[in-house]
Structure formats: C-alpha cells, structure tokens
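S.K.: mind folding the following:
(one chain, ligands or ions: 1)
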Amino acid sequence: LKSSLGPKLYLALTHYPVVNKEGECIASAVTPIDLHDMARAARTYGARKLYVITPLVDQQALVGRILAHWTQGAGAAYNPARRQALELVRLVADLAAAEDQIAARHGLAPITVATCARRIDGCRGYSEMRRRLADGRPHLIIFGTAWGLAPNLLSGADYVLAPVQGATDYNHLSVRSAAAVILDRLTGVASDRR
Ligand code: SAM
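M.R.: Next up is the predicted model:
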C-alpha cells in the first residue's frame, strides 16, 4: 500500500469524552455515516487507521456489526472499495488504547493533535502541522462528536489544530466534512503544486 510510505498519520473519532450543548461531559451515540465517510477520507489521504472510540457496549456492538457487514459479509463482496476503506477502522474503548496500538506498531508514542471548531489559544496552523507530519513520528489527529472534545482532552493533547474557517460566519461543519478538509490540508496534493 502506498500509505505505508507516507506520513504515519492516524485518525481518532471520539464519542467519549465529548461535551453536550450544556458543556457537560457525555458519551455520544455513533453516527454510522461518520464511519463510512471518515474511513473513505482516511483511505483516500493515506491515513493508516481510523480509531473509533466508544466505551459504550451497545455502541461497540453497532460498530462491530457495521464493520463485519462491510469487511467480511455480503457488503464486502458487493462493494470492495467500501471494504478497503472500512478495513482501516479499529474499535477501541478509549484514546489510551489507540495510542498504545500505535506505539506498539512503531515503537514510538504518537504525537496527539486535537481538533476544535473554536480557535484555542496556542493552536497550530496547517503548514506547521504538514511539516511536523513529515518528521517521521506517528501523529494521531483527534476528532470530536456532539458539541466537541471535552476540555481535558483538548488541554491534554500535544497540539490543537487551528479551526477550519469557511467563507461565512456559519461554523457548523459535520465532523466528517471537517475531517475531509483537514486531511486535504495536511496531506493533499494541491492543484497548484502538481
Ligand atoms: N462546537 C464544537 C466544537 O467546538 O468543536 C463542534 C463539534 S463538531 C459537530 C464535531 C467535531 O468536528 C469537532 O470536535 C471537530 O473535531 C470537528 N470540527 C467541526 N468543525 C470544525 C472546524 N471548523 N474546524 C476543525 N474541526 C471541526
């Protein structure tokens, strides 16, 4: 796979700890379309795994059923492109488990990079993160759900990425759209660079 030659880039889709509208820490429900779309984006841009994080047993069962259908079941034969994407998905109970798996693979803990729709003090721009990704260390880009990543996860990450800003003040991208834009900025080949 070409992705094994590029940056050691990993993604995490976090369902806990995230915050609700009131700012309380919650575990959110898995949205199946997030898995499909983020897995396709991960595969397109050469991310090595997409970790889906949920400690909830019923949500783990749902993710397990989706993955089994599209990677081993009738869906795998029906749509091999979707299988190739969903094969990148790993289900884990918490962020530490994702970090452990990456560390075991590379012998080096990943640099963690949180994302947020709001501008956080000290956040890093995309050209800086592109350069950092090229340094050979594994990097784990962490995405939230619901009203975003919990404060302790944002403050505990090594870096926070600058928010994606559109052309208006409407700031409500879905996580899967934000992930696609961010992946393109971090690893995409811009048409003016071809
Ligand atoms: N109000 C939340 C926040 O401040 O992050 C929005 C949550 S959004 C529905 C879910 C996730 O999508 C976020 O945790 C982040 O990972 C990603 N996201 C959404 N909009 C983003 C943006 N403009 N820039 C960067 N990430 C974004």
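
S.K.: distance of Leu161 from Thr54?
M.R.: From Leu161 over to Thr54 the distance is 22 Å, taken as CB to CB, to the nearest Å. In short, each C-beta sits where N, CA and C put it, glycine included.

S.K.: can you check Ala157 too?
M.R.: 19 Å.

S.K.: for the helix or strand of the chain with the lowest mean pLDDT, which outside residues touch it?
M.R.: Confidence across the helices and strands of the chain bottoms out at helix 74-78, with a mean of 84, counting by mean pLDDT, DSSP states H and E. Outside helix 74-78, the residues that touch it by CB atoms under 8 Å, 6 or more residues apart in numbering are 69-70, 82-83.

S.K.: next SSE after that helix?
M.R.: Scanning forward in sequence from helix 74-78, with DSSP states H and E defining helices and strands, the next element found is helix 80-86.

S.K.: surely Ile54 and Val30 touch.
M.R.: Quick fix: residue 54 is Thr, not Ile. Yes. Taking CB atoms under 8 Å as the contact criterion, Thr54 and Val30 are neighbours in contact, 6.1 Å apart.

S.K.: need the overlap of contacts for the two.
M.R.: Common neighbours of Thr54 and Val30 (CB under 8 Å, 6+ apart) are 15, 63.

S.K.: thinking again about what came up before, tell me which residues of the least confident helix or strand of the chain are tucked away?
M.R.: For helix 74-78, the buried set under the neighbour-count rule, 16 or more other CB atoms under 10 Å, comprises 75-76.
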